[in-house]
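Asks: make a model of this:
(one chain, ligands or ions: 2)
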Amino acid sequence: MKSLAMLAPADSPSLFPAPTRVVDVLLPLAIGSAYSYRVPEGMEVAVGDIVVVPLGTRTTLGCVWPRRDDAEVDTAKPDTAKPAPAKPVDPAKLKSIQRRYDVAPLNARMIAFIEWIAEYTVTPPGMVLRLALRHDESAGIARERIGVRLTDHRPERRTKAREKVIAALEDGFVRAKSEAAKEAGVSPSVVDGLIDDGALETVVLPPEPAAEPPDPDHATPELLPAQAQAAARLVASVKAQTFQPFLVDGVTGSGKTEAYFEAVAQAIRQGRQTLILMPEIALTQAFLDRFARRFGVRPAEWHSAVSTKRRGRIFRGVASGEVSVVAGARSALFLPFRDLGLILVDEEHDSAYKQEDGVHYHARDMAVVRARLEGATIALVSATPSIETEVNARRGRYTRLALPERFAGTKVPRLEPIDLRREGPPRGQWIAPRLAREMERTVEAGGQALLFLNRRGYAPLTLCRACGHRIRCPSCSSWLVEHRFRRRLECHQCGYAMPVPNECPNCHEPNALIPCGPGVERLHEEAAKLFPQARLQVLSSDLAGGVERLRAELRAIEDGAVDIIIGTQLVAKGHNFPGLAMVGVIDADVGLGHGDPRAAERTFQLLHQVAGRAGRHEVEGRAFLQTYMPEHPVMQALVAGDRDAFYDREIAIREEAHLPPFARFCALIVSGTDSHAAQAHARALAACSPVTDKVRVLGPAEAPLALIRGRHRYRLLARCERSFDLSAYVRAWMASAPRAGGSLRVDIDIDPQSFV
Ligand SMILES: Nc1ncnc2c1ncn2[C@@H]1O[C@H](COP(=O)(O)OP(=O)(O)OP(=O)(O)O)[C@@H](O)[C@H]1O
Ligand SMILES: [Zn+2]
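Replies: Ligands and ions are numbered 1, 2, ... in the order given. Okay, the predicted model is just below:
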């Protein structure tokens, strides 16, 4: 990249004073334009460089941004995604860049990606930059590591602590300062003292490597013919170094991972980088081990549970090209890859890919955009693709690579219905007699059984027997959920918690509160009564002990140390439990019938995935589904094991009803602490929507979740044809809208996934 400094007239410096160099810097803030800064004498900066600049009384990180010709920017639309060039100011009045980080600059493709997302999601580009430049990760940049080594000089003052350090360093090797202190069991100040006295000398240590290089030929597996075919197509595409999108469509347990690893190997051979996105990377440690078996080392891991220091190192390694494979959560999409050749989106249907606050982006869709900008191969991977992806594959926009059989040779289990109207459990219980019999048989035969219920806690609702009062959250429109292990009532929206009261808060009747409905804790209680000999384990995201504990429990299940697992959706995602022989879905109907356009899709995906955890190794698996509506088309498709029937029907419904992907939506959520003000603002927005026959604006209506964290919520929905530029429409709309003052906030959600 050309340095901006080089653009300044280089000749005749003797006749004129050198012009003050000024550059545009985009700051990670919600502002529409870049700011101008002076480049101090002796500093070289180029577009894409990450710099520290003063802002008001503090300093902030920023990125030197391309300066666009004024003609390129429509000044009539101040919120346009491309940051407007900073307004011309007298250079003498400008503040100077403080320093430039010693890290590879964001390249032109990354800059284009940031601007693309800003434009599409109708967000100020600085907010998207913020996703790429999270302060702490990039700020850890280039802190030198200092090591110490013994000299020949011995200090006059000799204390016990000093002797310990000298003894520890006797071998003559260099150690980091902190390590030396730790090894000797003394405080770092002792080491400092010895440096001052000349007994130790300091050396600058080379930076720790961000990741060991994976070896593409470490252990090449034998692939089934279908795997080999899919792998060959992906490898050829990586070789071609052009944008090409694929759907790796393989049944659960078909070995999609092994197939796409071959494409990763190819990218490594070519010296290009790979990004593997996963919805629950923190909990899929088994995946990292599998990667290590294939490539000799684990990939660089990127998610919120990775330490800031480590993330800083990966950030730099990705930018320099030293890190070649990253496996990460959706935020890894914003890493500044030097040369990205391959993106894999595992479990692409997962709703965790949608970010629901700040910048509302869908990481799967944006990954396709990034691949296009990078000239990379992208593969979306799933046994139950999203409707959007399935439609793209049917239309030939994505190339489908099918893996129709399980690697182990077993069949994907069909779901056998248990009709709760005819063969349900007795009142107050949740496991139907037939399901209990099957569990008993499974456990006696040495297999594992999984009970699936997507409800955390003990009971989803607490009710007063005397007056009928239901306990709800004071600041959300949701019921408080009893958590018996913690002896609390909790709000799953905002985290509010209170002890379980002894009397009804409404009528004060003592001992009148009763739990209604089941959560996993209550199911655990019932299973423990039914199977007193079995080893039981509840698994849900709120398990005490956090991620570490969850990882340990998942490993215990893999190792066969548990007979019956009672879990939420956390256990449904991508896990490979070799001993799991059967699955029982306690309430298959939970997700249906909320009027949510995606309810059928979500239910199908979730239940098909849960069933897909069973029978992945030697023994055939079985799966049961307790339902009050066995005749529902989703249940019918699950029971018949007829995936295509589900997709055919669902796609037809979406087309008929003008729902995505056959139409485009943008949701506007207006919220505020005052209900009337929020509603009034939502109405004012509706009234000023630009009139066109291309867009229909629906609402405002109170959101189904009308109150969250004390904020009242109203929703507007704009709908248009597929080909219409909805982002531009919304941008123009917002530019002419009244300002949202006070506590009011407007959230813009293009392609909404959630309708609550
Ligand atoms: N070629 C192969 N050689 C050896 N083992 C394989 C091979 N392919 C797949 N396996 C094994 O088969 C099992 C299932 O594979 P995998 O977990 O990749 O399936 P999947 O298609 O990702 O399923 P899901 O969609 O349910 O996550 C794993 O234990 C995997 O290690
Ligand atoms: Zn709440």
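Asks: show me where the stretch 401-550 of the chain has its helices.
Replies: Remark: helices assigned in the stretch 401-550 of the chain by DSSP state H, counting those that start in this stretch are 420-423, 433-444, 520-530, 546-558.
Asks: wait, which of those is closest to ligand 1?
Replies: With CB to the nearest ligand atom, the closest approach to ligand 1 among the helices of the stretch 401-550 of the chain belongs to helix 546-558: 10.2 Å. Using the backbone N, CA and C atoms, a C-beta is placed for each residue, glycine as well.
Asks: now the closest one, how far from the centre of its chain.
Replies: Here the centre of helix 546-558 is set off from its chain's centre by 20 Å, with CA atoms, centre = their mean, to the nearest Å.
Asks: enumerate every residue touching the closest residue to Val52 other than its chain neighbours.
Replies: Excluding the flanking residues, the one nearest Val52 by CB to CB, 6 or more residues apart in numbering is Gln98, at 4.5 Å. Residues counted as contacts of Gln98 (CB atoms under 8 Å, 6 or more residues apart in numbering) are 51-54, 59.
Asks: need phi/psi at Gln98.
Replies: Here is the backbone geometry of Gln98 (degrees, to the nearest 10): phi -80, psi -50.
Asks: which of the contacts of Gln98 fall within helices?
Replies: With DSSP state H as the criterion, helices contain none of the contacts of Gln98.
Asks: closest to Val345 out of those residues?
Replies: Checking the contacts of Gln98 against Val345 with CB to CB, the nearest one is Val51 at 32.5 Å.
Asks: who does the closest one bridge with?
Replies: Gly62, Arg100 (DSSP bridges).
Asks: just the pLDDT for it.
Replies: Val51 is assigned a pLDDT of 94 by the prediction.
Asks: please begin residue numbering at 235 from this point
Replies: Happy to do that; since the first residue is 235 now, the last one works out to Val285.
Asks: my guess is it meets Thr294, correct?
Replies: No: taking CB atoms under 8 Å as the definition, Val285 is not a contact partner of Thr294, at 9.6 Å.
Asks: which of the two has more neighbours?
Replies: Val285 (22 against 17; other CB atoms under 10 Å).
Asks: so who does the more buried one touch?
Replies: Contacts for Val285 (CB under 8 Å, 6+ apart) come out as 259, 271, 279, 295-298, 331-335.
Asks: go again using 10 Å as the cut-off
Replies: 257, 259, 271, 273, 277, 279, 293-298, 331-335, 339 (CB atoms under 10 Å, 6 or more residues apart in numbering).
Asks: over to Pro459?
Replies: Listed by CB under 10 Å, 6+ apart, the contact partners of Pro459 are Glu639.
Asks: any idea how far Leu804 is from the residue nearest to Val286?
Replies: Per CB to CB, to the nearest Å, Gln332 is found 45 Å from Leu804.
Asks: mark which of the contacts of Gln332 are buried, thanks.
Replies: Neighbour-count burial (16 or more other CB atoms under 10 Å) applied to these gives 285-287.
Asks: can you redo the residues you listed as a markdown table with distance to Ala952?
Replies: Shown next, in a markdown table, are those (distance: CB to CB, whole Å):
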| residue | distance to Ala952 |
| --- | --- |
| Val285 | 38 |
| Val286 | 40 |
| Val287 | 37 |
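Asks: I'd like those as JSON lines, with distance to ligand 2 appended.
Replies: Putting those into JSON lines (distance: CB to the ion, whole Å) gives the following:
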{"residue": "Val285", "distance to ligand 2": "41"}
{"residue": "Val286", "distance to ligand 2": "39"}
{"residue": "Val287", "distance to ligand 2": "39"}
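Asks: burial count for the residue in the stretch 585-734 of the chain positioned nearest to ligand 1?
Replies: When distances are taken as CB to the nearest ligand atom, the stretch 585-734 of the chain reaches nearest to ligand 1 at Phe641, 3.7 Å away. Using other CB under 10 Å, the number of residues around Phe641 comes to 21.
Asks: does it really touch Glu852, like I thought?
Replies: No: in terms of CB atoms under 10 Å, Phe641 does not count as a neighbour of Glu852; the distance is 12.0 Å.
Asks: how about the residue of the stretch 585-734 of the chain closest to ligand 1, what does it touch?
Replies: By CB under 10 Å, 6+ apart, the neighbours of Phe641 are 457-458, 460-461, 484-485, 487-493, 850-851.
Asks: hmm, try it at 7 Å
Replies: The contact partners of Phe641, by CB atoms under 7 Å, 6 or more residues apart in numbering, come to 458, 487-489.
Asks: ok, which residues in the chain are in contact with ligand 1?
Replies: Contact residues, the chain versus ligand 1 (CB under 6 Å from any ligand atom): 455-457, 461, 484, 486-492, 617, 641, 808, 810, 846, 850.
Asks: related to what we said a few turns ago, quick check: PyMOL command selecting the buried ones in the contacts of Val285.
Replies: Selecting the buried subset of the contacts of Val285 in PyMOL, with 16+ other CB under 10 Å as the burial test, is done by:
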select buried, resi 257+259+271+273+277+279+294+295+296+297+298+331+334+335+339
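Asks: once you drop chain neighbours, what's closest to the residue in the stretch 235-384 of the chain that ligand 1 sits nearest to?
Replies: Nearest residue of the stretch 235-384 of the chain to ligand 1 (CB to the nearest ligand atom) works out as Leu365 at 27.6 Å. In space, Leu365 comes closest to Phe568 once its chain neighbours are excluded; the distance is 4.4 Å by CB to CB, 6+ apart.
Asks: equivalent analysis for Val424, please.
Replies: Among residues not flanking Val424 along the chain, Ala395 sits closest, at 4.6 Å (CB to CB, 6+ apart).
Asks: would the one you found count as being in a strand?
Replies: No: read with DSSP: H, G, I helix; E, B strand; the rest coil, Ala395 is helix and lies in no strand.
Asks: contact partners for the residue lying closest to Ala845 once chain neighbours are set aside?
Replies: Counting by CB to CB, 6+ apart, Ala845 lies nearest to Ala857, which is 3.7 Å off, once chain neighbours are set aside. The neighbours of Ala857, taking CB under 7 Å, 6+ apart as the test, are 647-650, 816-817, 845, 848.
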